[in-house]
Each structure stands twice: as structure tokens, then as C-alpha cells.
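Engineer: dropping the sequence and predicted coords here.
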Amino acid sequence: MKKRKLEAEFDYDFSLFGLISALKEYKLAWLLNNHLDVQLDKSKDIKIDFLKSQNLVISNYLYETEHSSFRLLKNKSMDQFEDNSAFLLPELNRFDYLVIVRGFEDTFTVQEIKNKLSAIPNIQYVQNFHIDTLKSKENLIF
């Protein structure tokens, strides 16, 4: 019997930033609200179930307008029962948080967002990533 495989292509129409910070996510969300003039609110945690490996529970803060969104995600899974080494993007395991920015191109450039994030005192490091270079980029589709 022939097996068929479904292949789908996704449009990654957002900018991704990795943050290194020792802050708790609620404190980081508060600082982002103050420095970037957004209103991040705690949203329902994202649960990702994998077929062959562990499941992830990712903390999620979201600011959404009609045409844009700004999302703060904790890179490390919050699931207490799973291995502590479970990451949303395993190849970026040295980054504590991920910021996904979609639709703010009319207001800010990617460099301006990076500069604003870098100016926040408790963020040690900020890096912008090209989505196409990530192996586990499918984990960002939810």
C-alpha cells in the first residue's frame, strides 16, 4: 500500500527576537509594556503535543491589534512533569524568552525594535533571527 505524506508550506511573516534575561515573565512583560508602548496581557499558555517526544507548556503574553501582534514567549517549557531541558526552539536554548512581532512594519523597523529591547535595563542580550534558518520553526505556528 502506498503511503502519502502531507506537506504544507507556511508563511513566516513575523520577526523573531531572542532575549536573555533572568527576570520572571510577568516582570519582563511589564517592562516591555512601559518601554515599547504595548499592552501585553497574560494569555492562555500554549500547549504543544509532540508524537514521539515530550509535550511543552509555554508561557504566553500577547498584545494584539487589528493588523498586528506582539507576543512574548518563554522559551523553556513550564511543565513540571517533563524534563527541564524542553525548549520551544531547542537550537536557541541559551535564550530565555522569544519575542514575535507581526505587523508593526509601518511603525517600527526591525532594528528600532531591537534597539528598544536592548535599552531595557534587565535584558542582557537581544538577537534578531531569520526564521528560515531555524530547524524547529514549525514550533512557532500556533
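Structural biologist: Cool, the structure landed.
Engineer: max-length helix in the protein?
Structural biologist: Looking across the chain with DSSP state H, the single longest helix is helix 25-36.
Engineer: now do the next helix or strand after that helix: distance to the chain's middle.
Structural biologist: Using DSSP states H and E, the next helix or strand after helix 25-36 towards the C-terminus is strand 41-42. Distance, stretch centre to chain centre, for strand 41-42: 14 Å (CA atoms, centre = their mean, to the nearest Å).
Engineer: for stretch 67-79, same thing?
Structural biologist: Distance, centroid of stretch 67-79 to centroid of chain: 4 Å (CA atoms, centre = their mean).
Engineer: center of the protein, which residue is that?
Structural biologist: Leu98 (3.3 Å; CA atoms, centre = their mean).
Engineer: tell me where the protein has strands.
Structural biologist: 15-20, 41-42, 46-48, 56-58, 60-64, 69-74, 97-102, 125-129 (DSSP state E).
Engineer: any idea how far the residue nearest to Tyr26 when sequence neighbours are not counted is from Phe14?
Structural biologist: Distance criterion CB to CB, 6 or more residues apart in numbering; nearest residue to Tyr26, sequence neighbours excluded, is Lys42 at 7.3 Å. All C-beta spots, glycine's among them, are computed from the backbone N, C-alpha and C. Applying CB to CB, to the nearest Å, the value for Lys42 to Phe14 is 20 Å.
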